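**Q** next come a sequence and a model predicted from it.
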Amino acid sequence: ILGFALGISVLQLPLDGNVLQKLPEARMESSSYVVAVTSDNKGLIGNVDVEINPGRGRVLINTNPFLEPDTQYSAETAAAVAEQYTKKNLDDRDIIYSFDIDGQVLGGPSAGAAMTAATIAAIEHRELRSDVAITGTITSDGSIGFVGGVLEKAEAASEQGVKLFLVPKGQATLTTYERVVEQQQRGSFVYQRVRYVPKTLDLNEYAKNEFGIEVREVATIDEAVSYMLK
């Protein structure tokens, strides 16, 4: 990384006072796990690949599988957060995100954190750990936000050999609802009453016992990168 910074000139001074530096003329790439949930609540895991090439500041997405419109916003936010995290200017780069996952339609918000980590890894020429995966949205200040299906995603990640699964802050504890059926006989008739009782589930404990995977909460991309990058 020290050698990577030699000869770099200051290009831009953003409003927050952080100096963004010019990148060398080189192609950069990385890849991260991305986890999703199908319409029938089954977890899926695949990859999001990122390429950074000399260009015109565009953020582009490969649309196979078909991606919902919110994916573009997540990609643009991921690129902006990665730019601020690395302090490297991306105005003269094109960033291309490609998804390799077994699904016909993919929504983008829950892949935001993974896209950001992969972009940071590409810019800094660092490797992402193959035994760590993340789910979570990304916001412009680098915070990682809530997503759905964390239990199903943890199971899918474990089947890929992931040992550490990162989830947004507050989502390692789940509230599930257990269906309880009560019966009462009145004469020749049997009446049933169905109610749902809330139960608290420690996702880390459950995932360790059932899937052999550790679950850990992260609130920001800084925390996530500290676990994900070598």
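**A** It's in.
**Q** same question for stretch 196-216: list its buried residues.
**A** Buried residues in stretch 196-216, counted by 16 or more other C-beta atoms under 10 Å: 203-204, 206-207, 211, 213-216. The C-beta positions use only the backbone N, C-alpha and C, and glycine is treated the same way.
**Q** same check on stretch 31-39?
**A** For stretch 31-39, the neighbour count (16+ other C-beta under 10 Å) marks 31-37 as buried.
**Q** what about it, average pLDDT?
**A** Stretch 31-39 shows a mean pLDDT of 90.
**Q** state the distance from Glu172 to Gly161.
**A** Heads up, residue 172 is Ala, not Glu. 21 Å (C-beta to C-beta, to the nearest Å).
**Q** per-residue confidence for Glu124?
**A** On pLDDT, Glu124 comes in at 96.
**Q** torsion angles phi and psi at Phe211?
**A** phi -120, psi -10 (degrees, to the nearest 10).
**Q** list the contacts for it?
**A** Each residue near Phe211 by C-beta atoms under 8 Å, 6 or more residues apart in numbering is listed here: 154-155, 158.
**Q** same question, Glu178
**A** So Glu178 contacts 196-197, 199 (C-beta under 8 Å, 6+ apart).
**Q** just to be sure, it is in a strand?
**A** Yes - applying DSSP: H, G, I helix; E, B strand; the rest coil, one finds Glu178 inside a strand.
**Q** on that earlier part again, closest one of the buried residues of stretch 31-39 to Tyr73?
**A** Val34 (16.0 Å; C-beta to C-beta).
**Q** now do that closest one against Met115, distance only.
**A** Distance, Val34 to Met115, by C-beta to C-beta: 8 Å.
**Q** mutual contacts of those two, please.
**A** Val48.
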